[in-house]
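In: Structure, please.
(one chain, ligands or ions: 1)
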Amino acid sequence: MLDELRGIVGDRYLLSGDATGPWASDITGKPPQPPLAVARPADTAEVQALVRACAATATPIVPAGGRTGLTGATAAGGALVISLDRLNRVRDLRAEARVAVAEAGVILSTLHDLVAEQGLMFPLTFGARGSAMVGGFLSTNAGGSNVLKYGNTRDLVLGIEAVMPDGSLLDLMSGLRKNNAGYDLRHLMIGAEGTLGIITAATLKLVPLPKAWATAMLALPDMETALQVLNEVQEATGGGVEACEYMPGDYVANYQAMRPAAAWPFEGRHDVNVLLELGATSAEEAAPGPDGAIPLVSRLESILGGLLEQGRLIDAVVARTEAQRRAMWDRREAAAEVAATRPLRRTNDIAVDLDRMPEFIRRADAVLQRTDPGAERSIVAHLGDGNIHYTVWPTSGDDARNDAVTEAIEEIVTEMRGSFSAEHGIGTYKLNSMRRRKDPVALRTMRAIKDALDPQGIMNPGKLLP
Ligand SMILES: Cc1cc2nc3c(=O)[nH]c(=O)nc-3n(C[C@H](O)[C@H](O)[C@H](O)COP(=O)(O)OP(=O)(O)OC[C@H]3O[C@@H](n4cnc5c(N)ncnc54)[C@H](O)[C@@H]3O)c2cc1C
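Out: Here you go, the predicted model:
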């Protein structure tokens, strides 16, 4: 088997034994699970040949990108890892059509840099952008910080190319904005976590790159006011808000403890802190005036000034330089590092309706103190899209009690008709939640699709479907 695979990708790109080490674990740092081997194909044809060889021998396959996923979805004990990292070409960049055709192994930040040279932006962004790859973020339907303006990954993909579990090629590569010719299989592959096939390339939607940003940290009396302020800024700016991120006071304190040299956002400490960012694509809003002021920044300052006068804001700080803006973003994007400052943690990546976020947090806090008195939590939230990362720091490694906390939090989410997995996916870590909480008809339908497309169950087995 290994000889056959070696024949497809060449000696150098078929790794076995110790050489598979980096693929035995992922960013979550769980104990390593050595794969059978790792193949690093150069192109789509090699991916097809590898999959055909695996299909002929019913060998399990785990597709891998940057391995930054947070749900154990690239665990590969005994499987052949097909790493897409060498499919790293941007095949085409058509600025006028606002599309980029990128292979699965293109790293998100590389894509950002490349399209920025044309004054364009691929809007998806999140903390792992320096490692996450096209195939990986499509397969988890990643969300990130700009969802309120541009949507999830699903909203940013026009075409897709994928190798199916029998080695055939699904060629849906187009830049069409309208296409109602039957089931939209593109959306089946996006978010499938590699269980239905291997994405080899995608046509991605681009938007104009903002020429200027106006970024502010706001301190507010409560989350309800924060949501009202977001809505008002949206109205005042014609929907110009690019990101609106919530950080409670204890999160900011924990960040500060982790990075003692970082500046504290305000003079005092506040329970509700929000990072708000606007972007301007027009020269009128983005070009500095005679006094050096950027009109977009002045506009935001005047809106915030009005809100301060009305007493709706406690405090506000607007970034004056790119370094100040980056410092504001570091505070938010360090959430995974902050969560990892304690050895024991359980993450809950939940979504509820925007106006129910404060209720969720209140109820989850109450349930946590009842079930595990003394436990702490670290919260950050994408306020503009209802996604709350509620990480529990339990008092001990008592699995039964920690499971009880997770289930109680899920119960709240279910009652609120929310989601127990907003943007990170299911992988292996959320299989129990999927079993308990997913609508049974939806689960049955998913299994039918999986059985129809992958009857041998070789594509990323043991992930997503309980
Ligand atoms: C610091 C940090 C911040 C993050 N912030 C966010 C955030 O704000 N929002 C968010 O949504 N997510 C976030 N994530 C998680 C995010 O889901 C992943 O980082 C990213 O989407 C996965 O890309 P990857 O290339 O690393 O994929 P991997 O981890 O390698 O793979 C993820 C899944 O996709 C499958 N897969 C990989 N490549 C392919 C392919 N070519 N074809 C088919 N299946 C494939 C894998 O089998 C696995 O199931 C964050 C992660 C980190 C570490």
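
In: and residue 213, which of the three is it?
Out: What DSSP: H, G, I helix; E, B strand; the rest coil gives for residue 213 is strand.

In: Ok, residue 448 next?
Out: Relying on three-state DSSP, one would call residue 448 helix.

In: likewise residue 238?
Out: coil.

In: do the same with the one 4 residues further on
Out: Going by three-state DSSP, the secondary structure assigned to residue 242 is strand.

In: Could you list which residues are in contact with it?
Out: Applying Cβ atoms under 8 Å, 6 or more residues apart in numbering to residue 242 gives the contacts 145, 146, 148, 149, 210, 213, 277, 278, 279. Using the backbone N, CA and C atoms, a C-beta is placed for each residue, glycine as well.

In: where's the most centrally placed residue in the chain, which helix or strand?
Out: Nearest to the geometric centre of the chain sits residue 142, at 3.5 Å (Cα atoms, centre = their mean). Per DSSP states H and E, residue 142 falls between elements, in no helix or strand.

In: can you count the residues close to the residue nearest to it when sequence neighbours are not counted?
Out: Once flanking residues are discounted, residue 142 sits nearest to residue 153: 5.1 Å by Cβ to Cβ, 6 or more residues apart in numbering. By other Cβ atoms under 10 Å, the residues close to residue 153 number 24.

In: Is residue 153 in contact with residue 190, as I believe?
Out: Yes - counting by Cβ atoms under 8 Å, residue 190 is a contact partner of residue 153 at 6.4 Å.

In: Which neighbours do the two have in common?
Out: What both residue 153 and residue 190 touch, as defined by Cβ under 8 Å, 6+ apart, is the set 138, 141.

In: what's the neighbour count on whatever residue of the stretch 251-400 of the chain ends up closest to the ligand?
Out: Here the residue of the stretch 251-400 of the chain nearest the ligand is residue 336; by Cβ to the nearest ligand atom that distance is 4.0 Å. Neighbourhood size, residue 336 [other Cβ under 10 Å]: 18.

In: what's residue 251 in contact with, if anything?
Out: Per Cβ under 8 Å, 6+ apart, neighbours of residue 251: 273, 335, 338, 378, 379, 380.

In: Test my guess that the residue of the stretch 251-400 of the chain closest to the ligand contacts residue 127.
Out: Yes - taking contacts as Cβ under 8 Å, residue 336 lies within contact range of residue 127: 6.2 Å.

In: Quick check: nearest residue in space to residue 157, chain neighbours excluded?
Out: Nearest in space to residue 157, with sequence neighbours left out and distances taken as Cβ to Cβ, 6+ apart, is residue 202 at 5.4 Å.

In: Point me to the helix or strand that includes that neighbour.
Out: strand 198-205.

In: what residues does that strand touch?
Out: Taking Cβ under 8 Å, 6+ apart as the rule, strand 198-205 contacts 44, 47, 51, 61, 63, 82, 84, 87, 91, 98-104, 111, 122, 134-135, 138-139, 155-163, 173-175, 189, 459.

In: rerun at 6 Å
Out: Defining contact as Cβ atoms under 6 Å, 6 or more residues apart in numbering, one finds that strand 198-205 is touched by 44, 47, 63, 99-104, 122, 134-135, 138, 156-163, 173, 175.

In: How about the contacts made by the residue lying farthest from the centre of the chain?
Out: For the chain, the largest distance from the centre (Cα atoms, centre = their mean) belongs to residue 290, which lies 40.3 Å off. For residue 290, no contacting residues are found, by Cβ under 6 Å, 6+ apart.

In: and whatever residue of the stretch 351-466 of the chain ends up closest to the ligand, what pLDDT?
Out: Distance from the ligand to each residue of the stretch 351-466 of the chain (Cβ to the nearest ligand atom) is smallest for residue 423, at 3.5 Å. On pLDDT, residue 423 comes in at 96.

In: ok now do it, which residues does it touch?
Out: Contact analysis of residue 423 by Cβ under 6 Å, 6+ apart lists 143, 387.

In: Quick check: residues of the chain near the ligand?
Out: Proximity of the chain to the ligand, by Cβ under 6 Å from any ligand atom, involves residues 27, 62-70, 73-74, 84, 104, 126-128, 131-133, 135-137, 139-140, 142-144, 193-194, 198-199, 336, 423-424, 460, 463.

In: hmm, which of those are the buried ones?
Out: 62-70, 73-74, 84, 104, 126-128, 132-133, 135-137, 139-140, 142-144, 193-194, 198-199, 336, 423-424, 460, 463 (16 or more other Cβ atoms under 10 Å).
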